[in-house]
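A.B. asks: 3D, please:
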Amino acid sequence: MKKIFTILTACVLLSLFATEAKAQIVKGEAFMGLNLSQIDGDKAYGYTHPGFHGGLGVLIPVYQKDYFNIDLSLEVAFNHRGAHQGKIYADTLSNGSVITGEYDVYMNYLEVPLMVYFSDKQISSLGLGVSYGRLVGLREYEHGKLTEVNINYKGDDRYKLDDWCFLADLKFRLHERLKLGLRYQYSLAPIRTRSFELVNGQPDPEWQNEPQYNNVITARLIYVFNEDRSQYIYDEYHFTGDNPKIHQKTINKQLKKLRKQQEKKAKKAGKN
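C.D. replies: Next up is the predicted model:
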């Protein structure tokens, strides 16, 4: 938990160095969504494990020019991840136990993602960053039975409690302050190293000391608080004619045209 508070403190300090403070608005976010996850390296394939994603965040503006924005984002999120494989066979071993190939892992993480977002016209945003996650809950099932692997398990094939991930994120405005987000997340280091056995109990020569990684796709809804609507460019001028910036540009063009006409008349009058 100390690492989480260290990251939070660092991000607060970064916000103090943001330029043009009086022109900036720090925005809050609340989000909720669905994870589709898998664990690479566990012999179970596909994004078949659904999980809850939710939390709160803050957006700190660091650069703005015209309708292009760069924001620093800090979130605190709960993420449920894991892996799933259904029954694929049924074999009875010599000791009478039945193996089916079923496999399930349930992992709960408390995460702190740190992102940089590049926004165009406040309609779409691309985000890149990293996150630190702390494993706070774990259950593993093999062949439909609970294994001994959990948070307190100390074996060589235990899961690491810390997970650093790379993040890539796209956000699109749906309506006013409501956005749709699509996020991809992948572990930067193995969360576990494991060796597998064949059905007869012998070591599998192709799957020894296999590194495993979290691999997650997230779809989420995001609601933004304290957002300056005047910066958006739905371009309301085309619909209502009341966009002051567009009006000012039109006025400036007309004044420039008028000045040129007056200069031409003055030149003709001087010649005469």
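A.B. asks: okay, now the unreliable bits of the stretch 151-272 of the chain?
C.D. replies: 199-201, 228-248, 251, 271-272 (pLDDT under 70).
A.B. asks: all strands for it, in order.
C.D. replies: 162-175, 178-187, 192-194, 210-225 (DSSP state E, counting those that start in this stretch).
A.B. asks: which elements pack onto the shortest one?
C.D. replies: Using 3 or more C-beta pairs under 8 Å, 6 or more residues apart in numbering; DSSP states H and E as the contact definition, the elements that strand 192-194 packs against are strand 210-225. In this view, the C-beta of every residue, glycine as well, is placed from N, C-alpha and C.
A.B. asks: the strand it packs on: partners in the sheet, and parallel or antiparallel?
C.D. replies: strand 27-40 (antiparallel), strand 178-187 (antiparallel), strand 192-194 (antiparallel) (DSSP bridges).
A.B. asks: to residue 95, which of the ones you listed lies closest?
C.D. replies: For residue 95, the closest of the strands paired with strand 210-225 is strand 192-194, at 22.5 Å, according to C-beta to C-beta.
A.B. asks: roughly how far out does that closest one sit from the chain middle?
C.D. replies: 25 Å (C-alpha atoms, centre = their mean, to the nearest Å).
A.B. asks: same question, stretch 260-272
C.D. replies: Worked out by C-alpha atoms, centre = their mean, stretch 260-272 lies 62 Å from the chain centre.
A.B. asks: could I get the CA-only coordinates of it as CSV?
C.D. replies: The C-alpha trace of stretch 260-272 is given here as CSV (Å, rounded to 0.1, in the frame of the first residue of the first chain):
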residue,chain,number,x,y,z
LYS,A,260,-8.8,47.4,-47.7
GLN,A,261,-11.7,49.0,-49.4
GLN,A,262,-11.0,52.3,-47.5
GLU,A,263,-7.3,52.2,-48.4
LYS,A,264,-8.2,51.8,-52.1
LYS,A,265,-10.5,54.7,-52.0
ALA,A,266,-8.0,56.9,-50.3
LYS,A,267,-5.3,56.0,-52.9
LYS,A,268,-7.7,56.9,-55.7
ALA,A,269,-8.7,60.2,-54.0
GLY,A,270,-5.0,61.1,-53.6
LYS,A,271,-4.3,60.5,-57.3
ASN,A,272,-7.2,62.8,-58.3
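A.B. asks: what stretches of the stretch 1-150 of the chain score poorly on pLDDT?
C.D. replies: If you take pLDDT under 70 as the line, the stretch 1-150 of the chain has these spans: 1-24, 94, 96.
A.B. asks: now the strands paired with strand 210-225 as TSV including mean neighbour count?
C.D. replies: TSV is the format used below for the strands paired with strand 210-225 (neighbours: other C-beta atoms under 10 Å):
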stretch	mean neighbour count
strand 27-40	19
strand 178-187	18
strand 192-194	19
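A.B. asks: next up, the contacts around residue 73.
C.D. replies: By C-beta atoms under 8 Å, 6 or more residues apart in numbering, the residues touching residue 73 are 29, 57, 58, 59, 60, 113, 114, 115, 116, 117, 127, 129.
A.B. asks: derive a PyMOL selection command for the buried subset of the residues you listed.
C.D. replies: A single PyMOL command is used to select the members of the contacts of residue 73 judged buried by 16 or more other C-beta atoms under 10 Å:
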select buried, resi 29+57+58+59+60+113+114+115+117+127+129
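A.B. asks: tell me which of the contacts of residue 73 is nearest to residue 151?
C.D. replies: residue 113 (22.1 Å).
A.B. asks: what angle do strand 27-40 and the host helix or strand of the closest one make with each other?
C.D. replies: Following DSSP states H and E, one finds residue 113 within strand 103-120. Per axes from the mean of the first three to the mean of the last three C-alpha atoms, to 10 degrees, the angle that strand 103-120 makes with strand 27-40 is 140 degrees.
A.B. asks: the strands of the stretch 151-272 of the chain: which one's closest to residue 84?
C.D. replies: Among the strands of the stretch 151-272 of the chain, strand 210-225 comes nearest to residue 84, with 12.9 Å by C-beta to C-beta.
A.B. asks: pull the distance from that closest one to the chain's centre.
C.D. replies: 6 Å.
A.B. asks: for stretch 208-220, same thing?
C.D. replies: Put simply, stretch 208-220 sits 15 Å off its chain's centre (C-alpha atoms, centre = their mean).
A.B. asks: what of stretch 147-166?
C.D. replies: Distance, stretch centre to chain centre, for stretch 147-166: 23 Å (C-alpha atoms, centre = their mean).
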